[in-house]
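Enquirer: with the input below, show me the fold.
(chains A and B)
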Protein chains: 2
Amino acid sequence: MSDYLGDYSRLSLNSATTKKLTLPQVIDACVAAGIPAIGPWRDRVAEVGVENAARLIKDAGLRVSSLCRGGFLTAPDAEGQAAALADNRAAILEAVALETTELFLVVGGLAPGEKDVIAARNRVAERLADLVPFAVEHGIRLVLEPLHPMYAADRALISTLGQALDLAAPYDASAVGVAVDTFHVWWDPDLKSQIERAGRENRIASYQVCDFNLPIAADALLSRGMMGDGVIDFATIGGWVRDAGYTGDIEVEIFNQDIWDSDADAVLATMKERYARLVVPHA
Amino acid sequence: MSDYLGDYSRLSLNSATTKKLTLPQVIDACVAAGIPAIGPWRDRVAEVGVENAARLIKDAGLRVSSLCRGGFLTAPDAEGQAAALADNRAAILEAVALETTELFLVVGGLAPGEKDVIAARNRVAERLADLVPFAVEHGIRLVLEPLHPMYAADRALISTLGQALDLAAPYDASAVGVAVDTFHVWWDPDLKSQIERAGRENRIASYQVCDFNLPIAADALLSRGMMGDGVIDFATIGGWVRDAGYTGDIEVEIFNQDIWDSDADAVLATMKERYARLVVPHA
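Expert: Residues are numbered from 1 along each chain as shown, chains lettered A, B, ... in the order given. Just a heads-up that it's a prediction; the model follows:
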């Protein structure tokens, strides 16, 4: 057990977990807690400027596991599509500056008033095709993240790992990958076989951990919980991800009002303990 | 349009939509609104007694489209399993008394403290095997209902139509069917192909309609909305169900606090208008 408790070499703090901290504060908290990697959100990067953010992270001796996030690719009109492409190209350049290869995409939901999920998904595929050459040119992998189906309408019409892999299939694995986020995919009856497939196809770009809390929070976006507080079997899912060959960083990304309202250092201490006990032994 | 507006021949009111009404009140409301069928919940049946309920419904000239519900089959202990089987056998006999052939099963979630979804799903399959002979003997079809993945942990570990069909596969189509409830399945990227499969396998036992409202209600169980108030494309899904050969009743089942707090006759008037406009033309 003590061996595991010491092994934080793959742990990355997604900055959403400590939502109230500025990027310099998150960096300091990671250094103080001995967490070697960080997954910043773009808004916190923008506050200090991307070049400055990159320097602060590098000077602190941290690595960037991923950048959150691009996406929202479902605009039905030319103007909205151009804006989405411009924003995603900017995100790709930010990823380059931050020296990560992994850019998360939350692909977007239905347009306002729209009900045609098939048309909206087709637009995701079209915008992905628009973006891939620019991403490849800059050495960035676009990471398709399946989101829990409760967010299908307004955040991401990719709801399963299999669907993400189908969308990635036309592209090289270095250009388009997929994320396995336990919160979003734990319920999927095809999860084991799709994680195996993702491994075979070399597309696992990120393993994100957090729990699925019950009851679902009044704001459904905030139902993510600290590992161990909910229903997710990290041993089983983590074992599948391990057996699929994934050896990269493991990000902890939690949207949870109680956690955001708690002292950040205490949150990181709990996170490290849960990570060591529930995640590391199966990773 | 006027033809459609008049065709309520397949419309059934699930009693959960008018949750505050007793069974005699629901029956009266259906008769007053010209709704020919009813899908009662067992609690409202039990209040008046099943034989009395059957007589009241029959005397009112209504038919019973289904009975809600049996299920909750995931108890890990012998005592809990025996209790679940006893309850489901009672539900089968109630369905017989009410002269419906369709008994909905909400299969249940994880046991308290459990995290092993595969083991829990295996218990569902085992209890289903226990129940099928009794159901067949009484001419009742057990209707597996996939529930939205947001309810996987605590209500139903069947989250997709494909998974329900896999579970039904060992049994004759007259013994085990599946429900297509728009709220639960609209997001599924495999929905079209699985509805087609359900049709080929003659397993579509019920088509239930209601909308998926945004934002998700603070009590996530109550996010079901009146058709037209949310994101669901009834034309597309209804067309798939029609093309799969389903010609049975179409139940409206809505859990929604605002609707429950509204005047029931007004709710049924709105329901009829939305049903005629959004559902009938594609059914």
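Enquirer: do you know how far the closest residue to A:P24 other than its chain neighbours is from chain B?
Expert: Closest residue to A:P24 apart from its sequence neighbours, by CB to CB, 6 or more residues apart in numbering or on different chains: A:L56 at 6.0 Å. C-betas here are computed from N, CA, C, even on glycine. Distance, A:L56 to chain B, by CB to the nearest CB, to the nearest Å: 36 Å.
Enquirer: try A:T160
Expert: A:T160 is 6 Å from chain B, by CB to the nearest CB.
Enquirer: repeat that for A:L128.
Expert: In terms of CB to the nearest CB, A:L128 sits 15 Å off from chain B.
Enquirer: picking up where we left off before, so which strand or helix has the residue nearest to A:P24?
Expert: In the assignment (DSSP states H and E), A:L56 maps to helix A:50-59.
Enquirer: quick one: the strands in the stretch 1-150 of chain A?
Expert: Ranges of strands in the stretch 1-150 of chain A, per DSSP state E, counting those that start in this stretch, are A:11-14, A:37-39, A:63-64, A:67-71, A:102-106, A:141-144.
Enquirer: what parts of the stretch 101-250 of chain A come near chain B?
Expert: For the stretch 101-250 of chain A, the residues in contact with chain B (CB under 8 Å from any CB of the partner chain) are A:110, A:115-118, A:121, A:148-150, A:152-154, A:157, A:159-160, A:162-163, A:186-189, A:212, A:214-216, A:218-220, A:230-233, A:236.
Enquirer: show me those that map onto helices.
Expert: A:V117, A:I118, A:R121, A:G162, A:Q163, A:T236 (DSSP state H).
Enquirer: count of neighbours near the second one?
Expert: Neighbour count of A:I118, defined by other CB atoms under 10 Å in any protein chain shown: 12.
Enquirer: thought A:V241 was touching A:D249?
Expert: No. When contacts are counted by CB atoms under 8 Å, A:V241 is not listed as touching A:D249 (12.0 Å).
Enquirer: what do the two both touch?
Expert: By CB atoms under 8 Å, 6 or more residues apart in numbering or on different chains, A:V241 and A:D249 have these common neighbours: A:Y207.
Enquirer: sorry, back to before: check what pLDDT the residue nearest to A:P24 gets.
Expert: Looking at A:L56, its pLDDT is 98.
Enquirer: wait, it sits on A:L23?
Expert: Yes. Contact criterion CB under 8 Å: A:L56 and A:L23 qualify, at 6.8 Å.
Enquirer: between those two, which contacts overlap?
Expert: With CB under 8 Å, 6+ apart as the test, A:L56 and A:L23 both reach A:V48.
Enquirer: who has more neighbours, these two?
Expert: A:L23 (22 against 18).
Enquirer: ok, the residue lying closest to that one once chain neighbours are set aside to chain B distance?
Expert: Sequence neighbours aside, A:R44 is the residue nearest to A:L23 in space, at 4.4 Å (criterion: CB to CB, 6+ apart). Distance of A:R44 to chain B, computed by CB to the nearest CB: 25 Å.
Enquirer: likewise for A:L165?
Expert: Distance, A:L165 to chain B, by CB to the nearest CB: 11 Å.
Enquirer: ok, that residue - contacts?
Expert: A:V178, A:Q194, A:R197, A:A198, A:E201, A:R203.
Enquirer: what confidence value was assigned to it?
Expert: Predicted confidence (pLDDT) for A:L165: 98.
Enquirer: which SSE is it in?
Expert: helix A:161-168.
Enquirer: what residues of that helix count as buried?
Expert: Residues of helix A:161-168 classed as buried: A:L161, A:G162, A:Q163, A:A164, A:L165, A:L167, A:A168 (neighbour count, 16 or more other CB atoms under 10 Å in any protein chain shown).
Enquirer: please determine how far the fourth one is located from A:V107.
Expert: What that stands for is A:A164. Distance, A:A164 to A:V107, using CB to CB, to the nearest Å: 9 Å.
Enquirer: skip the chain neighbours and tell me the closest residue to A:A198.
Expert: In this structure, A:A198 finds its nearest non-sequential neighbour in A:I204, 4.9 Å apart by CB to CB, 6+ apart.
Enquirer: oh, that last question was meant for A:A244, not what I typed.
Expert: Ranked by CB to CB, 6+ apart and with sequence neighbours excluded, the top spatial neighbour of A:A244 is A:G199, at 2.6 Å.
Enquirer: how much space between that neighbour and A:E253?
Expert: Noted for A:G199: a distance of 21 Å to A:E253, by CB to CB.
Enquirer: repeat that for A:A84.
Expert: A:A84 is 23 Å from A:E253, by CB to CB.
Enquirer: of these two, who's got more company?
Expert: Taking other CB under 10 Å, A:A84 and A:E253 do not tie; A:E253 has more neighbours (24 against 21).
Enquirer: over to the more buried one: give its phi and psi.
Expert: With angles defined as degrees, to the nearest 10, A:E253 shows backbone torsions of phi -130, psi 110.
Enquirer: pull the CA atoms of stretch A:159-168 into CSV?
Expert: Taking C-alpha atoms only, stretch A:159-168 is exported to CSV below (Å, rounded to 0.1, in the frame of the first residue of the first chain):
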residue,chain,number,x,y,z
SER,A,159,-22.5,9.9,-26.1
THR,A,160,-20.5,6.7,-26.3
LEU,A,161,-16.9,5.7,-26.8
GLY,A,162,-17.9,3.6,-29.8
GLN,A,163,-19.4,6.6,-31.4
ALA,A,164,-16.3,8.7,-30.8
LEU,A,165,-14.1,6.0,-32.3
ASP,A,166,-16.4,5.8,-35.4
LEU,A,167,-16.0,9.5,-35.8
ALA,A,168,-12.2,9.3,-35.4
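Enquirer: next one: that stretch to chain centre, how far?
Expert: 15 Å (CA atoms, centre = their mean, to the nearest Å).
Enquirer: same question, stretch A:222-229
Expert: Averaging C-alpha positions (CA atoms, centre = their mean) puts stretch A:222-229 15 Å from its chain's average.
Enquirer: good, wrapping up.
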